[in-house]
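Asks: what's the 3D shape of this:
(chains A, B, C and D)
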Number of protein chains: 2
Amino acid sequence: MTENKSLTTGDIAKYCGVTLRTVIRWIERGSLKAYKLPGRGNNRITPEDFVAFLTAHGMPIPAEFRQQENNRILICDDEPAFAKAINRTLARAGYATEVANDGFQAGVLLVTFKPWLMTLDLSMPNMDGFEVLRHVRGNPDLEPIKILVISGLHQNDLDKAINLGADMALAKPIVNEELLAHIERLK
Amino acid sequence: MTENKSLTTGDIAKYCGVTLRTVIRWIERGSLKAYKLPGRGNNRITPEDFVAFLTAHGMPIPAEFRQQENNRILICDDEPAFAKAINRTLARAGYATEVANDGFQAGVLLVTFKPWLMTLDLSMPNMDGFEVLRHVRGNPDLEPIKILVISGLHQNDLDKAINLGADMALAKPIVNEELLAHIERLK
DNA sequence: ATAATATGTGACATTTGCGACATTTGATAA
DNA sequence: TTATCAAATGTCGCAAATGTCACATATTAT
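Replies: All right, here's what the predicted structure looks like:
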């Protein structure tokens, strides 16, 4: 539960190498958005507002506020057995993984799980991989996610996937070591 | 997830980024309205009193307590013409609408658009409406959204949809006035 | 029923807001 | 360069708000 905790003026002061008094002045001036507790009006700042403030002023962002990067991977495959196999490989390699068995789950997890990479199986009867690819690349609101296509289809389908914005396209069968190497290279 | 359940001091503390002790002090001072359980007088706060408290002090309101404005509707239909027809009807009636043509869009929009109601066509070749229904009702993290199923399938499919958690199931063809009336009744 | 978890309370420690004033910073003109 | 000025930031002290800790007890889960 430590992840979504609001910050006090003291916290901000430490992060910015500045006095608490100064932080309060920033808040008073409106540069830093904050809300007040009912007591005497002690200030609280949400992490989001803090990073917005930092980026707006070109200030360095402390490591703990940087988005956790390059460790969350979403596996999109409608065949549970295959998805499980990939999941096991990636989980063993230390990645935090989630599996989507259809387009709906893929959409939800893409937004809530915020992966930096997704593996996408094109040859799925219950879910059009090309369509997912088109949506993700066509929606600027979605994270600039890396997409690694996996497919048992023909080479021209892999090429088509690349043209649609996939960062990498692998043909089945997949060798675990190769998969991990390709993911590592996409970082 | 957002039932009409009373909140404990611990809940409030987490939401406000504050200690349980402080919450009790707010209650003692009268800033936060609460009632006491018979046992030792443990405090309980109704969601209504909580949001009243938050707004009164300019504090941010957590997403799960934000008032459902009952005006955002998500239309799930893979047939653009039919989706457009429903969209026109709902937009004219004053609703804010978004259209999802496949499961992926439905998943993304459900999370980002946060509709209070979704219309769901079951008879879609590119998207399994039953699967969407199952996912939405099986995922406690998703909003407790109202689901209005629209289908050209047989009556037993409508019944199946109701069993899966749909709040209403209408058979095609749809009469605009009836659709609006049913939506109004679900509010 | 029993165990695990959450809550209330008091005493005490720490942090915070704020005013008044000192010091630094950066720009500008002499 | 130096002087000067305004804005921003730092320092100090106090009162109020909030946090911490231990423990008894209520509530919830098993």
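
Asks: distance of the residue of chain A found nearest DNA strand C from chain B?
Replies: Nearest to DNA strand C in chain A, going by CB to the nearest atom of the strand, is residue A:10, at a distance of 2.2 Å. To be clear about C-beta, it is placed using only N, CA and C from the backbone, and glycine gets the same treatment. From residue A:10 across to chain B, the span is 13 Å (CB to the nearest CB, to the nearest Å).

Asks: Please report how far that residue lies from residue A:54.
Replies: 17 Å (CB to CB, to the nearest Å).

Asks: Those two: who's more crowded?
Replies: The residue with more neighbours, out of residue A:10 and residue A:54, is residue A:54; 18 against 12, by other CB atoms under 10 Å in any protein chain shown.

Asks: Check which helix or strand the closest residue to residue A:60 other than its chain neighbours maps to.
Replies: Nearest residue to residue A:60 in three dimensions, chain neighbours excluded: residue A:54, at 7.3 Å (CB to CB, 6 or more residues apart in numbering or on different chains). Assigned by DSSP states H and E, residue A:54 falls within helix A:47-56.

Asks: Let's see that helix as CSV, backbone CA atoms only.
Replies: Extracted in CSV, the C-alpha atoms of helix A:47-56 (Å, rounded to 0.1, in the frame of the first residue of the first chain):
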residue,chain,number,x,y,z
PRO,A,47,2.4,11.6,-6.6
GLU,A,48,0.9,12.4,-9.9
ASP,A,49,0.8,16.2,-9.2
PHE,A,50,4.3,16.0,-7.9
VAL,A,51,5.8,14.4,-11.1
ALA,A,52,3.7,16.8,-13.2
PHE,A,53,5.3,19.7,-11.2
LEU,A,54,8.7,18.2,-11.7
THR,A,55,8.4,17.7,-15.4
ALA,A,56,6.8,21.1,-15.9
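
Asks: Could I get the average pLDDT for that helix?
Replies: Mean pLDDT, helix A:47-56: 90.

Asks: Tell me the buried residues in it?
Replies: A:49, A:50, A:51, A:53, A:54 (16 or more other CB atoms under 10 Å in any protein chain shown).

Asks: quick one: which of the residues you listed is nearest to residue B:43?
Replies: Relative to residue B:43, the closest of the buried residues of helix A:47-56 is residue A:49; by CB to CB it sits at 29.5 Å.

Asks: list the contacts for the closest residue to that closest one other than its chain neighbours?
Replies: With sequence-adjacent residues excluded and distances taken as CB to CB, 6+ apart, residue A:49 is closest to residue A:33, at 4.3 Å. Counting by CB atoms under 8 Å, 6 or more residues apart in numbering or on different chains, residue A:33 touches A:27, A:45, A:46, A:49, A:52, A:53.

Asks: how about the helix ranked longest in chain A: buried residues?
Replies: The longest helix of chain A (DSSP state H) is helix A:80-92. For helix A:80-92, the buried set under the neighbour-count rule, 16+ other CB under 10 Å, comprises A:82, A:83, A:86, A:87, A:89, A:90.

Asks: Quick one: those residues as TSV, columns for pLDDT too.
Replies: Listed next are those as TSV, based on pLDDT from 0 to 100:
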residue	pLDDT
A:82	89
A:83	90
A:86	94
A:87	94
A:89	94
A:90	93
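
Asks: okay, and for chain A, where does confidence drop off?
Replies: A:1-4, A:67-70, A:124-127, A:143 (pLDDT under 70).

Asks: tell me the domain boundaries of it?
Replies: The record's domain parsing of chain A by automatic domain parsing lists A:9-65, A:72-186.
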